[in-house]
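Asker: using only what follows, build the 3D model:
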Amino acid sequence: MVKLLNKAVRLAAKVHIDQVDRFEQPYILHVLRVMVRGRDLDEQLLGALHDVLERSDLTVENLREKGYPENVLEALTHITRIEPEDYETYIDRVSKNSLAIRVKVHDLSDKMDLRNVGALNEADLKRYNKQMEAYQRLVHLESIVRAQLTLQAKTAAHTVRGVAKAK
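Answerer: Numbering: from 1, shown residues only. The predicted structure follows:
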């Protein structure tokens, strides 16, 4: 699976090679920061790929052919913004997939990090406030999702221990 993550990073680097963010920084740095926030391989894969469809001519089918897992591709369809979709509709769509929620929280956390930003103009403040509202909504959903994942893992471990004792 590490090979797949390496492949995702190389693909992201190729897609974002000449792109810059609104502060004229290489866009790939944002993508890598989102990726390294991932707590598991799926979050890291989606973090690396999260803007690939929006910023290239690649399709989900292209990525499927490259061997990316279906759950990551499904989450990618939820986290990819579709124009002319409004932001609220987009966040509603993100909120329907647990992996997309987790990675969008990482994405928004990075976008709202103001440590390396100079002066903000009115458009920046409006965007920041919109992102903060989405972040607060998704963080709440993320806490529910992470609790469910923890419960599932504990239930699975308990079942495995029970089966081992029965033998």
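Asker: tell me which other helices or strands the single longest helix found in the chain touches.
Answerer: Secondary structure assigned by DSSP state H gives helix 122-166 as the longest helix of the chain. Helices and strands touching helix 122-166, by 3 or more CB pairs under 8 Å, 6 or more residues apart in numbering; DSSP states H and E, are helix 87-94, helix 98-111. For every residue, glycine as well, the C-beta is placed using N, CA and C.
Asker: and His78, which of those helices is closest to it?
Answerer: helix 98-111 (3.8 Å; CB to CB).
Asker: buried set for the closest one?
Answerer: 98-108, 110-111 (16 or more other CB atoms under 10 Å).
Asker: got the angle between that helix and helix 122-166?
Answerer: Taking axes from the mean of the first three to the mean of the last three CA atoms, to 10 degrees, one finds that helix 98-111 is oriented at 140 degrees with respect to helix 122-166.
Asker: so what touches helix 98-111?
Answerer: 30, 33-34, 37-39, 42-43, 46-47, 50, 71-72, 74-76, 78-79, 91, 94-95, 131, 134-135, 138-139, 141-142, 145-146, 148-149 (CB atoms under 8 Å, 6 or more residues apart in numbering).
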